[in-house]
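Asks: okay, predicted coordinates and the sequence, questions at the end:
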Amino acid sequence: MTNMYDVIIPAAGMGKRMQADKNKILLTINDKSILEHTVSAFQNDNHCRKIHLAAQRDEIDTLKSMLQAYDKIGVITEGGSERQYSIYNVLKAIEPCDYVFVHDAARPFISQATLNNLYTAVQSNKSVIAGVKVKDTIKRVQDNKVAETLKRDLLWQIQTPQAFDYNLLLEAYNKADADQFLGTDDASLVERISEVHIVESDYDNIKITTPEDMFFAEAILKKRGIICLG
Ligand code: CTP
Ligand code: MG
């Protein structure tokens, strides 16, 4: 098959806000680690060629053995002190390919529908990110006072995956490195050199971040009928 994509999964965080005794991506939901839930989605996607990861140095072996059964696993590279540096390390380590998706290890509920939509869109747009419309009113606040109420119908909450033409993403990362620009997502690097398109995703695609997210995670699996209501 032509025009397949490789995915980079940053998994080298500390999971500090989860306050667990280990990296949150190793916590289990329904007897499977969060990381395996995430990797499974890409293992099962026919358009995905290889799955590459960034890991903490002392967790590389743990991840390798945990992911032995997934035959799309490519490089597992040591991460950096920031998410952006972790992804850059992987991007520099992989062979050139057509498209690169970047997806947080901590988002185990990515749907096949969103993967399909991103895959279709990236072939014509080179740079496409998943997001949902915000549900709450968002205000800009300064010194505990409202500075501005933003127009909600213009606001989107951005998730991963973020999908890019390989050369465009590498150029964006090289430029960020040269300029010492640190962004909060991959698209913010690409926005400095190109336009970025949006694909509407869904509200199940949460990033497991704080302890209550583990309860939301179980609820999502129940909704999908993967675990029984109890
Ligand atoms: N990540 C990474 N390298 C880092 C920081 C984060 O690869 N230096 C990864 C995390 O493993 C996670 C994803 O980027 O899959 C999103 O980051 P986040 O949800 O913030 O996870 P952590 O940084 O681990 O959590 P926290 O910020 O609470 O410490
Ligand atoms: Mg973090």
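Replies: Perfect, thanks for sending it. Ligands and ions are numbered 1, 2, ... in the order given.

Asks: which residues touch residue 153?
Replies: Taking C-beta atoms under 8 Å, 6 or more residues apart in numbering as the contact definition, residue 153 lies against residue 133. The C-beta positions use only the backbone N, C-alpha and C, and glycine is treated the same way.

Asks: three-state assignment of it?
Replies: Three-state assignment for residue 153 (DSSP: H, G, I helix; E, B strand; the rest coil): helix.

Asks: just the helices in this structure please.
Replies: Shown for the chain, the helices assigned by DSSP state H span residues 34-43, 60-66, 83-93, 112-125, 166-179, 187-190, 213-223.

Asks: could you dump those helices into JSON lines with mean neighbour count added?
Replies: As requested, these are arranged in JSON lines below (neighbours: other C-beta atoms under 10 Å):
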{"stretch": "helix 34-43", "mean neighbour count": "22"}
{"stretch": "helix 60-66", "mean neighbour count": "15"}
{"stretch": "helix 83-93", "mean neighbour count": "20"}
{"stretch": "helix 112-125", "mean neighbour count": "18"}
{"stretch": "helix 166-179", "mean neighbour count": "17"}
{"stretch": "helix 187-190", "mean neighbour count": "24"}
{"stretch": "helix 213-223", "mean neighbour count": "15"}
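
Asks: report the longest strand in this protein, please.
Replies: When every strand of the chain is counted residue by residue (DSSP state E), the longest turns out to be strand 156-165.

Asks: tilt between that one and helix 112-125?
Replies: With axes from the mean of the first three to the mean of the last three C-alpha atoms, to 10 degrees as the criterion, the two stretches strand 156-165 and helix 112-125 enclose an angle of 60 degrees.

Asks: can you pull the buried residues of strand 156-165?
Replies: Applying a neighbour-count criterion of 16 or more other C-beta atoms under 10 Å, one finds 158, 159, 160, 161, 162, 163, 164, 165 buried in strand 156-165.

Asks: try stretch 3-13
Replies: Neighbour-count burial for stretch 3-13, counted by 16+ other C-beta under 10 Å, picks out 5, 6, 7, 8, 9, 10, 11, 12, 13.

Asks: now do the contacts for residue 221.
Replies: Listed by C-beta under 8 Å, 6+ apart, the contact partners of residue 221 are 29, 30, 227.

Asks: out of those, which comes closest to ligand 1?
Replies: Looking at the contacts of residue 221 and their distance to ligand 1, the nearest is residue 29, at 14.4 Å (C-beta to the nearest ligand atom).

Asks: tell me which other helices or strands the longest strand of the chain touches.
Replies: When contacts are defined as 3 or more C-beta pairs under 8 Å, 6 or more residues apart in numbering; DSSP states H and E, strand 156-165 sits against strand 99-102, helix 112-125, strand 127-133, helix 187-190.

Asks: residue 81 is nearest to which of the ones you listed?
Replies: Nearest to residue 81 among these is helix 187-190 (16.8 Å), distances taken as C-beta to C-beta.

Asks: residues making contact with the closest one?
Replies: In this structure, residues lying in contact with helix 187-190 by C-beta under 8 Å, 6+ apart are 84, 127, 129, 158, 162, 164, 168-169, 172-173, 175-176, 181, 183, 196.

Asks: who wins for neighbours among the contacts of residue 221?
Replies: Going through the contacts of residue 221 with other C-beta atoms under 10 Å as the criterion, the one with the most neighbours is residue 29, at 20 neighbours.

Asks: partner residues bridging that one?
Replies: With DSSP bridges as the criterion, the beta-bridge partners of residue 29 are residue 32.

Asks: same question, residue 200
Replies: Residues found in beta-bridge contact with residue 200 (criterion: DSSP bridges) are residue 131.
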